[in-house]
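Colleague: coords below, sequence missing:
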């Protein structure tokens, strides 16, 4: 039974996968903070046309509940045949 489970599950490569996840998480966090800082500096220091409208658009996307976005994304995946693919 033990060898059969190893054939089905395969060897566990937890550490390399975890390191890859950390690299992606820290990299995307750094990019988001860096770009957010640059845009905040630009909005605060310079005259930007329609700055109030742009800031409202950015803020309003943060106020949207995630389920309101998840359902349309799922429907799009299903329509494209991407649901239940690994």
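Modeller: The structure has been received and is ready for your questions. In this text the structure is predicted, and so the values were computed from the model without any measurement.
Colleague: going forward, measure contacts between C-alpha atoms and count neighbours the same way
Modeller: Fine.
Colleague: helix, strand or coil for the residue positioned nearest the centre of the chain?
Modeller: Nearest to the geometric centre of the chain sits residue 28, at 8.2 Å (CA atoms, centre = their mean). Using DSSP: H, G, I helix; E, B strand; the rest coil, the structure places residue 28 in helix.
Colleague: how close does it sit to residue 34?
Modeller: Distance, residue 28 to residue 34, by CA to CA, to the nearest Å: 10 Å.
Colleague: also residue 65?
Modeller: 25 Å.
Colleague: which of those two has more neighbours?
Modeller: Taking neighbours as other CA atoms under 10 Å, residue 65 and residue 34 compare with residue 34 leading, 12 against 9.
Colleague: buried residues in the helix or strand where that one lies, which are they?
Modeller: Using DSSP states H and E, residue 34 sits in helix 14-45. Buried residues in helix 14-45, counting neighbours by 16 or more other CA atoms under 10 Å, are found at residue 43.
Colleague: what of stretch 66-75?
Modeller: Buried residues in stretch 66-75 (16+ other CA under 10 Å): none.
Colleague: and the contacts of it?
Modeller: residue 83 (CA atoms under 8 Å, 6 or more residues apart in numbering).
Colleague: let's number from 33 now, not from 1
Modeller: Yep, numbering from 33; the last one is stretch 98-107 now.
Colleague: average pLDDT for that stretch?
Modeller: For stretch 98-107, the mean per-residue pLDDT is 89.
Colleague: check stretch 68-79 too.
Modeller: 92.
Colleague: check what contacts it and list those residues.
Modeller: residue 83.
Colleague: so how far is it off the chain centroid?
Modeller: Offset of stretch 68-79 from its chain centre (CA atoms, centre = their mean, to the nearest Å): 23 Å.
Colleague: gap between stretch 101-111 and the chain center?
Modeller: 15 Å.
Colleague: also stretch 44-59?
Modeller: The answer for stretch 44-59 is 15 Å, by CA atoms, centre = their mean.
Colleague: confidence score at residue 110?
Modeller: 90.
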